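Asker: my questions concern the predicted model and sequence given below.
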Amino acid sequence: MVEIGIRPSGPYSLALSARLAGDATRRVRDALFTARCCGTVARAWQSPDGTVTVRSESAAAAEKLRWTLALDDDHTEFLRRFADDPLLGRAAKHLRGLRPVRTATVAQALLRAVCGQLIDSKTARSLERRLIRALAPPDEDGYCEPPSTTALAAAAPFELRRLGLHERRGAAIARVCRSLELERLHDLPTAAVVRRIERERGLGPWSAGVVCLEGLGRYEHGLVGDLGLVKLLRALRGRPVEGWETAELLEPYGEWAGLASVYLLTGYSRGLIPLPAARAA
């Protein structure tokens, strides 16, 4: 048994960060985060003093969960820089321990991006669970191994369609996974990753943002086109907006645009983003 006690770099709340992180590969229950990766299960919990303990039978799984939870990625500079931001400042103060939980594989982030196109998050997560369970049947405790590039490349688009994924999106997954080992994207600069993702038919800036943020742990590319950000921008501007306009919303946050996306979305859902009085109701 491997057990690691980690003092997170900078402000960190496991409860806040992992509140919506459950999927076919992991779940959060009674403050315990449990995830399957690297062929086994790893667990994490946070003590009152802030220390996060990660335990697994595999050192590789323990280190993967450490990375998945972003325990070493200090975002203090983000909180400091935007503490007085007129839009984000209040959310940064109230959500300061929030960091986006990552997927254990880049392939799962790509699958999540494709499942989430143009549908609500609840439906998208349900579709993602169904597809992952078909690719890797759950163990006796209900946890599936995160999908690999190889597993997605081997999935026939018509089979993905039978499970609920639009055929064009299934074809996009197959094309990418059959031409590129997605884990190699870790070795490329973010701008190159974005170009590689966006050149595929059926993918775009939002898909690239999900891959960068959740699959690679990069904070600099925002979730351009996210439906939640579209709703926020519509409330701010008082008119219908297009997905591409959310790039203007994220532009002031520069290399923190990805993390800003998460704080804006979470802050908006909790009433922490100031809206014009006539449209706040």
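Answerer: On my side now, so go ahead. Numbers count the residues shown, from 1 in each chain.
Asker: any stretches of the chain with poor pLDDT?
Answerer: Within the chain, the stretches with pLDDT under 70 are 118, 278-281.
Asker: toward the C-terminus, what is the element adjacent to the longest helix along the chain?
Answerer: When the chain is parsed with DSSP state H, its longest helix is helix 121-135. With elements assigned by DSSP states H and E, the helix or strand that comes after helix 121-135 is helix 149-154.
Asker: centre of the chain versus that following helix, how much separation?
Answerer: Computed by Cα atoms, centre = their mean, to the nearest Å, the chain-centroid distance of helix 149-154 equals 20 Å.
Asker: can you give me the buried ones in that helix?
Answerer: Buried residues in helix 149-154, counted by 16 or more other Cβ atoms under 10 Å: 149, 151-153. From N, CA and C alone the C-beta is placed, and that goes for glycine too.
Asker: what about residue 174, how many residues nearby?
Answerer: By the measure other Cβ atoms under 10 Å, the count of residues near residue 174 is 17.
Asker: and for the one 3 residues further on?
Answerer: Applying other Cβ under 10 Å, we find 22 residues neighbouring residue 177.
Asker: any buried residues in the longest helix of the chain, and which?
Answerer: 124-125, 127-129, 131-132, 134-135.
Asker: that helix packs against which elements?
Answerer: On a contact count with 3 or more Cβ pairs under 8 Å, 6 or more residues apart in numbering; DSSP states H and E, helix 121-135 meets helix 106-115.
Asker: what's the angle from the helix it packs on to helix 121-135?
Answerer: 130 degrees (axes from the mean of the first three to the mean of the last three Cα atoms, to 10 degrees).
Asker: and the contacts of helix 106-115?
Answerer: 25, 102-103, 124-125, 127-128, 131-132, 146-149, 151-152, 165, 169-170, 172-173, 176-177, 182-183, 185-186, 202-203, 206-211, 213-216 (Cβ atoms under 8 Å, 6 or more residues apart in numbering).
Asker: just the CA atoms of it, as CSV, please.
Answerer: Output in CSV follows, covering the C-alpha atoms of helix 106-115 (Å, rounded to 0.1, in the frame of the first residue of the first chain):
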residue,chain,number,x,y,z
VAL,A,106,-6.3,12.9,-22.5
ALA,A,107,-8.6,10.5,-24.4
GLN,A,108,-11.3,10.9,-21.8
ALA,A,109,-11.1,14.7,-22.0
LEU,A,110,-11.5,14.4,-25.8
LEU,A,111,-14.5,12.1,-25.3
ARG,A,112,-16.0,14.5,-22.8
ALA,A,113,-15.5,17.4,-25.2
VAL,A,114,-17.3,15.6,-28.0
CYS,A,115,-20.1,14.4,-25.8
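Asker: does residue 66 really touch residue 55, like I thought?
Answerer: No - contact criterion Cβ atoms under 8 Å: residue 66 and residue 55 do not qualify, at 11.2 Å.
Asker: can you list residues touching both of the two?
Answerer: In terms of Cβ under 8 Å, 6+ apart, residue 66 and residue 55 are both contacted by the residues residue 4.
Asker: out of the contacts of helix 106-115, which are buried?
Answerer: By neighbour count, with 16+ other Cβ under 10 Å, the contacts of helix 106-115 hold 25, 102-103, 124-125, 127-128, 131-132, 146-149, 151-152, 165, 169-170, 172-173, 176-177, 182, 185, 202-203, 206-211, 213-216 as buried.
Asker: so for this protein, the centremost residue is which one?
Answerer: residue 214 (3.5 Å; Cα atoms, centre = their mean).
Asker: that residue belongs to a helix, doesn't it?
Answerer: Yes - counting by DSSP: H, G, I helix; E, B strand; the rest coil, residue 214 is part of a helix.
Asker: returning to that earlier point: quick check, nearest of the buried residues of helix 149-154 to residue 81?
Answerer: residue 149 (35.5 Å; Cβ to Cβ).
Asker: list the contacts of the closest one.
Answerer: Residue 149 is in contact with 105-107, 177, 180-183, counting by Cβ under 8 Å, 6+ apart.
Asker: identify, from those, the entry nearest to residue 229.
Answerer: Relative to residue 229, and with distances defined as Cβ to Cβ, the nearest of those is residue 106, at 22.8 Å.
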